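Engineer: what follows is a protein structure lacking sequence information:
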């Protein structure tokens with residue numbers, strides 16, 4: 001029985017910052033960001049958006065049959081509560097059935113892949129069920145920090161089912177986990193702590209380890225892949241991963257893999273870091289812009305700092321376009337540096353006092369209206 005991604009959709013905030021503006025404000029050469037990091041724009045998060053509203057925005061684009069959704073899993077490293085799953089708010093905003101299982105999963109940027117695999121197991125037990133997996137995150141490193149250019153925000157929502165329209169996940173995958181301090185965020189911090197150069201080296205090592213173990217276990221080779229999709233905290237990271245495998249090659253296969261990586265980078269370089277959703281936004285970008293055909297195999301490398309990696313594969317289905325959501329970035333509003341910095345500082349974060357936000361300025365359907373008696377207040381704008 002085939003099990004995999006039946007539908008997939010993406011949402012981000014209504015605002016973005018052009019990284020040329022950021023470079024000029026930080027007295028940097030714009031090419032350090034545009035070429036060195038591989039990013040052009042990043043999503044800017046108003047105080048009226050968080051992982052709940054972004055998750056609901058993404059999932060609302062799916063064709064959901066509430067009675068068929070048995071489980072909702074939200075994968076995030078931007079949790080808003082130490083006890084209550086963010087998905088319960090999402091479930092309410094989407095109007096899903098009360099007869100549903102809702103949980104939150106965390107392991108840095110890797111947890112969306114873990115959630116996908118958990119979902120496959122649930123569907124295998126009952127093929128009539130569908131599982132809604134949402135990767136939703138806000139990447140924050142702080143103003144005027146080294147990681148500022150790799151911020152971003154957004155959510156990718158996926159329906160996992162039997163006989164999927166988009167991508168059938170193959171049964172063999174390779175997991176690899178080590179206790180590594182390359183990136184972390186203590187409970188008392190709203191911005192992450194990262195050792196960037198070390199993290200890049202760990203990422204490449206984990207890719208090489210999982211990919212080559214996969215080849216050993218399956219007897220497959222590089223030529224069996226039409227594309228390799230990578231976790232993309234910034235798009236240059238994916239290039240480093242791919243080149244670690246094919247840097248000595250200049251043949252037709254290597255050219256195609258490079259072309260498809262570029263296709264997978266197109267949308268992420270306009271949005272920034274999605275943490276848990278970055279791999280799957282890259283997959284969406286690949287399916288929209290790349291050279292991949294039904295029946296071909298796509299490799300996916302998932303990585304989460306701390307650290308955990310997984311290499312998994314999927315076969316593209318002939319019906320993939322029917323389950324592939326659109327990517328509408330043209331409707332976003334460009335903001336200047338002052339507006340970006342103001343919105344960054346308005347983030348609800350660890351505040352405990354009541355606050356009310358002006359939701360009229362946010363064109364999104366789902367908004368965070370504020371905090372009252374330590375409870376987040378959400379609204380659905382019709």
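Structural biologist: Received, thanks. Just so we're clear, the structure is a prediction, and the values are computed from it rather than from any experiment. Residues are numbered from 1 along each chain as shown.

Engineer: residue contacts, the nearest residue to residue 349 once chain neighbours are set aside?
Structural biologist: Using CB to CB, 6 or more residues apart in numbering and skipping residues adjacent in sequence, the residue nearest residue 349 is residue 190, 4.3 Å away. Where you see a C-beta, it was placed from the backbone N, CA and C, and this is true even at glycine. Residues in contact with residue 190 (CB atoms under 8 Å, 6 or more residues apart in numbering) are 140, 347, 349-350.

Engineer: could you pull out the buried residues of stretch 248-267?
Structural biologist: 254, 256-258, 260-267 (16 or more other CB atoms under 10 Å).

Engineer: measure how buried residue 132 is and give me the count.
Structural biologist: For residue 132, the count of nearby residues is 31 (other CB atoms under 10 Å).

Engineer: contacts only, for it.
Structural biologist: 59, 62, 64, 69, 71-73, 96, 157-160 are the contacts of residue 132 under CB under 8 Å, 6+ apart.

Engineer: quick revisit: which of the contacts of residue 190 fall within helices?
Structural biologist: Judged by DSSP state H, helices contain none of the contacts of residue 190.

Engineer: out of the residues you listed, who's the most crowded?
Structural biologist: Top of the contacts of residue 190 by neighbour count (other CB under 10 Å): residue 140, with 23 neighbours.

Engineer: so what's that one up against?
Structural biologist: Applying CB under 8 Å, 6+ apart to residue 140 gives the contacts 78, 151, 190-192, 344, 347.

Engineer: next one: residue 168
Structural biologist: 2-4, 314-315, 317.

Engineer: check whether residue 259 really touches residue 289, as I assumed.
Structural biologist: No. Using CB atoms under 8 Å, residue 259 is not in contact with residue 289, being 9.8 Å away.

Engineer: how near is the residue nearest to residue 349 to residue 335?
Structural biologist: Residue 190 sits 20 Å away from residue 335, taking CB to CB, to the nearest Å as the criterion.

Engineer: ok, residue 313 next?
Structural biologist: On the measure of CB to CB, residue 313 and residue 335 end up 39 Å apart.

Engineer: give me the buried positions along stretch 177-187.
Structural biologist: 180, 182-183, 185.

Engineer: and if you look at stretch 5-20?
Structural biologist: 5-19.

Engineer: avg pLDDT for that stretch?
Structural biologist: The pLDDT scores in stretch 5-20 average 98.

Engineer: returning to what we had before: reformat the contacts of residue 132 as JSON lines; add secondary structure and neighbour count.
Structural biologist: Output for the contacts of residue 132, formatted as JSON lines (DSSP: H, G, I helix; E, B strand; the rest coil; neighbours: other CB atoms under 10 Å):
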{"residue": "59", "secondary structure": "helix", "neighbour count": "31"}
{"residue": "62", "secondary structure": "coil", "neighbour count": "20"}
{"residue": "64", "secondary structure": "coil", "neighbour count": "18"}
{"residue": "69", "secondary structure": "strand", "neighbour count": "23"}
{"residue": "71", "secondary structure": "strand", "neighbour count": "20"}
{"residue": "72", "secondary structure": "strand", "neighbour count": "26"}
{"residue": "73", "secondary structure": "strand", "neighbour count": "26"}
{"residue": "96", "secondary structure": "coil", "neighbour count": "19"}
{"residue": "157", "secondary structure": "strand", "neighbour count": "31"}
{"residue": "158", "secondary structure": "strand", "neighbour count": "33"}
{"residue": "159", "secondary structure": "strand", "neighbour count": "26"}
{"residue": "160", "secondary structure": "strand", "neighbour count": "28"}
